[in-house]
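>>> coords please:
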Amino acid sequence: MNDLALLLTPQGRALLDEVRDTAPADELAVATRLRREHPAELVSAALGQARLRQRAAAKFGAEDAGRMFFTPNGVEQSTRASVATYRAERLKAQGVTSLADLCCGIGGDAIALARAGIRVLAVDRDPLTAAVARENAAALGLAELIEVREADVTEVDTAGWDAVFVDPARRGGRGRIFDPEAYSPPLSWAIEAALKAPRAALKVAPGIPHEAVPGAAEAEWISDGGDVKEAVLWFGTEPGAVRATLLPGPRTLLGRGLPDPQVRPVGRYLYEPDGAVIRAHLVAEVAEELDGGLIDPTIAYVTADELRPTPYATAYEISDQLPFSLKKLKALLREREVGILTVKKRGSAVEPEELRKKVKPQGPNSATVFLTRVAGAPTMLVGAPA
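Here you go, the predicted model:
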C-alpha cells in the first residue's frame with residue numbers, strides 16, 4: 001500500500017515516466033543514479049512497477065499497461081485483454097448492462113466490461129488489490145462505470161445486477177490449485193452465486209474435469225493464439241452446451257455429442273487440434289469436418305487423406321512413418337539435410353530437447369517430427385506444415 005501511495009504522488013508519477021523503459025540489466029545503474037536525488041523507497045517502487053508494466057504489456061498492450069498499476073500476483077493472474085474483451089462482448093450480446101465482478105483482482109475484466117458499456121461493481125477483499133483496481137479504472141477513464149469495493153465477495157449482495165462474474169483465486173502459497181473446491185472462494189460457492197443471478201459467468205482453470213461442470217451450465221474453453229487460456233462456465237445461456245472458442249476471431253466450435261472417431265491408418269495429412277478443442281472434448285467434431293479418423297484411440301491427432309482448411313486444427317503433410325528409433329530418425333534427418341527440427345509429442349515419454357540433442361540435426365532444411373503412438377505402437381511421424 002505504501003509503494004502505491006508513493007507512486008501516486010506527483011514525484012512518483014514523474015519518476016515512473018522516467019524509468020518506464022529501463023531494461024532489467026540497467027536497473028542497478030539507474031537505481032544508483034536516481035537515489036542521489038530521490039528517496040530509496042520511491043526509486044525501488046518505481047523500478048519495480050516499471051518492471052511489472054513491461055511484463056503486463058503482453059496481456060494488456062503497451063499503451064494500457066503503461067498507464068496501469070500492477071502487483072506481481074495481478075500480472076500473473078489477470079485475464080489477457082483479448083479474452084476479457086471477448087467475454088465482455090458475449091455478455092453485452094446477452095443484454096447485460098450491469099454486472100457484479102467478484103474477485104476482480106487488479107481490474108482487467110472490469111476494464112473490458114466497462115469498455116463494452118457495462119456498469120461494473122468490482123469487488124476484492126485484498127486492500128492493495130482493490131486500491132490498484134480503483135486506480136486502473138481512473139487511469140483508463142472508466143471510473144464512472146466501475147465502482148470498486150473492498151469486501152469479502154461472499155458477503156456482497158448481488159441482487160439488482162443483470163449478471164455476476166466470478167474469478168476465484170486459483171493459486172496458493174504452493175502454486176496452482178487444481179481442486180476446484182480449493183479455489184478461493186470454492187467453485188461450489190461460485191456456482192451457488194451464479195444460480196441466484198439472471199446470468200453469470202465463472203472463470204475456471206482449463207483443466208477442470210468435465211464431470212465437475214454442473215448440468216445447468218454451458219462450458220466454454222478459450223484459446224488465444226493457440227494457447228489455452230481458460231474455461232468459462234456460463235449460466236443463463238444453453239445448459240449442457242460445450243464449445244471451444246479460438247481467438248483472435250472469434251471462431252467457435254459447438255459440440256454435437258458425436259461418438260469417438262474411428263481409428264484408421266495414417267494418411268497423407270496429420271491434423272493437430274487446437275488445445276481448446278482438445279480440452280472441450282470436441283476432437284470428434286473436427287475429425288468429422290475433415291473426414292478423418294484418429295491414429296490411436298488415446299491420442300488426439302486426426303489423420304486424413306485430403307487437405308481441408310480448418311481454423312480448429314493445424315495441418316501437416318506426413319512424408320515418413322517410422323517405428324520409434326533414434327538411429328533411424330538420425331539417419332533420415334541426415335539424408336534430408338534437416339537442421340531445423342521441430343519436435344512435437346503426444347503419448348511419448350521422450351522429451352523434445354532430449355531427442356534434439358541426440359539426433360544433432362544439421363543442414364539447411366526443416367522438418368517436424370511427431371513422437372506419438374499409432375494403433376498402440378510407439379511411432380515417429382515426419383513431415384512439414386501443409
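>>> the strands in the stretch 151-300 of the chain, which residues?
Read by DSSP state E, counting those that start in this stretch, the stretch 151-300 of the chain holds these strands, from start to end of the chain: 163-166, 171-172, 175-176, 199-204, 218-224, 227-235, 242-247, 251-254, 269-273, 293-294.
>>> highest average neighbour count across those?
Using mean count of other Cβ atoms under 10 Å, the stretch among those with the greatest mean number of neighbours is strand 163-166 (a mean of 27). Backbone N, C-alpha and C define where each C-beta goes, glycine included.
>>> what's that strand packed up against?
For strand 163-166, the elements it packs on are helix 81-93, strand 98-102, helix 187-196, strand 199-204, judged by 3 or more Cβ pairs under 8 Å, 6 or more residues apart in numbering; DSSP states H and E.
>>> could those be laid out in a markdown table, adding mean pLDDT?
Below are the helices and strands packed on strand 163-166 laid out as a markdown table (pLDDT from 0 to 100):
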| stretch | mean pLDDT |
| --- | --- |
| helix 81-93 | 97 |
| strand 98-102 | 97 |
| helix 187-196 | 91 |
| strand 199-204 | 95 |
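>>> Thr252 is nearest to which of these?
Distances from Thr252 to each of the helices and strands packed on strand 163-166 were compared using Cβ to Cβ; the shortest belongs to helix 81-93, at 10.0 Å.
>>> What is the longest helix of this structure by residue count?
Ordering each helix of the chain by length in residues (DSSP state H) puts helix 40-60 first.
>>> how about Ile111, what does it touch?
Under the criterion of Cβ atoms under 8 Å, 6 or more residues apart in numbering, the contact partners of Ile111 comprise Asp64, Ala81, Ala84, Asn136, Ala137, Leu140, Leu142, Ile146.
>>> That one in helix, strand or coil?
For Ile111, the reduced secondary structure class is helix; criterion used: DSSP: H, G, I helix; E, B strand; the rest coil.
>>> Report the buried residues of the longest helix of the chain.
By neighbour count on 16 or more other Cβ atoms under 10 Å, the buried set for helix 40-60 is 42-54, 56, 59-60.
>>> Tell me the most packed of the contacts of Ile111, by neighbour count.
Neighbour tally across these (other Cβ atoms under 10 Å): the maximum, 27 neighbours, falls on Asn136.
>>> Report the mean confidence score over the one helix or strand it maps to.
In this assignment (DSSP states H and E), Asn136 forms part of helix 127-139. Along helix 127-139, the predicted confidence averages to a pLDDT of 96.
>>> quick one, it and helix 40-60 angle?
70 degrees (axes from the mean of the first three to the mean of the last three Cα atoms, to 10 degrees).
>>> Centre-most residue in the protein?
Taking Cα atoms, centre = their mean as the criterion, Lys229 is the residue nearest the geometric centre of the chain, at 1.8 Å.
>>> ok, now how distant is that one from Ala65?
18 Å (Cβ to Cβ, to the nearest Å).
>>> quick revisit: tell me which of the strands of the stretch 151-300 of the chain lies nearest to Pro361.
Of all the strands of the stretch 151-300 of the chain, strand 269-273 sits nearest to Pro361, with 20.0 Å by Cβ to Cβ.
>>> Considering helices and strands only, name the one in this structure with the lowest mean pLDDT.
Among the helical and strand segments of the chain, the one scoring lowest on mean pLDDT, DSSP states H and E is strand 171-172, with a mean of 65.
>>> re earlier: so can I have CSV of the helices and strands packed on strand 163-166 showing distance to Pro72?
Supplementary listing: the helices and strands packed on strand 163-166 in CSV, determined by distance: least, Cβ to Cβ, whole Å:
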stretch, distance to Pro72
helix 81-93, 19
strand 98-102, 21
helix 187-196, 24
strand 199-204, 20
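>>> Now do the SS call for Leu16.
Reduced to three states by three-state DSSP, Leu16 is helix.
>>> If anything else comes up later, I'll come back, but that's it for now.
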